[in-house]
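> here is my input, please return the structure:
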Amino acid sequence: MITLALTMCLVPCLVPWDVRFGDQFNVLSQGWILLRLVHGGYFKDVHCGIPCRSKNWGGEPESRNWSHVLGLPCLSEHQSIVADTGNALADFTICLCLLVYLCEGYFSLENPLLSWLWAR
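Next up, the predicted model:
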């Protein structure tokens, strides 16, 4: 919605990067492109929204706790994949936000207050 609102106000934006739109928008495999664009000065401001599927405190069954923020050791294979993907997305987002900051840009990070992202 943010991208739509900005484009309606004639602010130039990249299309949202989300794997739902194709593998070319998968930040885990193609995110280096965004990092190079920021580093090259092609854009300086980003808004990041990490899917809260594995980061939400209300997830059932519980996949994280304060002793195991990156994921409980007893997770099923599927739960472990979801947790690992969430961790990788958080790592990429942190890297992107730090690079934007170092390049004197601005970033915003969308995630619910009750999210394990803030515990990292």
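> mind giving me the packing neighbours of the lengthiest helix in the chain?
Counting residues, the longest helix found in the chain (DSSP state H) is helix 77-102. If you count contacts as 3 or more C-beta pairs under 8 Å, 6 or more residues apart in numbering; DSSP states H and E, helix 77-102 packs onto helix 27-39, strand 46-49, strand 107-110. Where you see a C-beta, it was placed from the backbone N, CA and C, and this is true even at glycine.
> tilt between that helix and helix 27-39?
With axes from the mean of the first three to the mean of the last three C-alpha atoms, to 10 degrees as the basis, helix 77-102 and helix 27-39 are set at 0 degrees to each other.
> so where is the protein shaky, pLDDT-wise?
52-60 (pLDDT under 70).
> geometric centre of it: which residue is closest?
Computing the C-alpha centroid of the chain and ranking residues by C-alpha atoms, centre = their mean puts residue 50 first, at 3.6 Å.
> which ones are touching that residue?
86, 89-90, 93, 109-111, 117 (C-beta atoms under 8 Å, 6 or more residues apart in numbering).
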